[in-house]
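**Q** I would like the atomic coordinates for the input below:
(one chain, ligands or ions: 1)
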Amino acid sequence: MRCPLCQADNDKVLDSRDAEGGRLIRRRRECQACFHRFTTFERIEARVNLSVVKKDGSRVPYEREKILKGLRIACYKRQVSEVQLEKLVDEVEEELLKRGGKEVPSADIGLMMIDRLKLLDHVAFLRFASVYLNPDRVDVLLEELHRARWNGMGAPAI
Ligand SMILES: [Zn+2]
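**A** Numbering: from 1, shown residues only. The predicted model follows:
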């Protein structure tokens with residue numbers, strides 16, 4: 001790891017511990033050049049080994065990064081942090097693992113994300129939902145929009 005202070009690539013790990021119930025490993029490091037101490041986080045990768053079945057029936061490997069990218073676009077200029085998005089995807093992955101099986105329809109993943117995004121940020125939710133949902137789910141979108149107005153939030157700018 002490169003020291004964030006002096007850029008030297010020579011550090012010693014002082015301490016390692018699990019965070020977020022074992023999903024993350026937190027390491028306390030010390031630069032051996034300037035003795036600056038910093039923390040790094042390692043995430044366990046490729047926990048979810050699934051085929052995603054797309055609408056046209058084709059299959060692609062599940063990719064966490066692809067999902068995160070879609071969420072980041074939906075959350076553009078909104079008050080949603082990267083940590084919140086990572087956590088959202090963690091929850092979706094956990095649900096997928098609980099389900100078991102080797103394949104999952106892309107629409108299922110989309111709905112899992114939409115459900116959680118709804119709780120995080122309304123505008124991001126509507127942006128994401130409008131892209132992800134099937135046309136026959138537009139009623140859900142309209143219902144949410146209606147509810148948002150009643151809650152005094154005004155019409156979300158999509
Ligand atoms: Zn240093």
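**Q** what pLDDT does the closest residue in space to residue 110 that isn't next to it in sequence get?
**A** Nearest in space to residue 110, with sequence neighbours left out and distances taken as C-beta to C-beta, 6 or more residues apart in numbering, is residue 132 at 4.0 Å. Bear in mind the C-beta positions are built from the backbone N, C-alpha and C, glycine included. pLDDT, residue 132: 72.
**Q** gap between residue 132 and residue 36?
**A** Separation of residue 132 from residue 36 (C-beta to C-beta, to the nearest Å) stands at 43 Å.
**Q** of the two, which one has the most company?
**A** Using other C-beta atoms under 10 Å as the criterion, residue 132 and residue 36 rank with residue 132 on top: 18 against 15.
**Q** how about the nearest residue to the residue in the chain sticking out farthest from the centre, chain neighbours excluded?
**A** The outermost residue of the chain, judged against the average C-alpha position, is residue 33 (35.5 Å), by C-alpha atoms, centre = their mean. Spatially, and ignoring its direct neighbours in sequence, residue 33 is nearest to residue 8 (3.6 Å; C-beta to C-beta, 6+ apart).
**Q** hmm, residue 30 and the one you found touching each other?
**A** No - under the criterion of C-beta atoms under 8 Å, residue 8 makes no contact with residue 30, lying 11.2 Å away.
**Q** pick out whichever of those two has more residues nearby.
**A** residue 30 (17 against 14).
**Q** and the contacts of the host helix or strand of residue 113?
**A** Per DSSP states H and E, residue 113 falls inside helix 106-120. Contacts to helix 106-120, defined as C-beta atoms under 8 Å, 6 or more residues apart in numbering, come from residues 52-55, 67, 70-71, 74, 80, 84, 88-89, 91-92, 95-96, 124-125, 128-129, 132-134, 144.
**Q** of those, buried ones?
**A** Restricting the contacts of helix 106-120 to buried positions leaves 52-53, 67, 70-71, 74, 80, 88-89, 92, 96, 124-125, 128-129, 132-133, 144, with burial counted as 16 or more other C-beta atoms under 10 Å.
**Q** quick revisit: helix/strand/coil for the residue nearest to residue 33?
**A** Classification of residue 8 by DSSP: H, G, I helix; E, B strand; the rest coil places it in coil.
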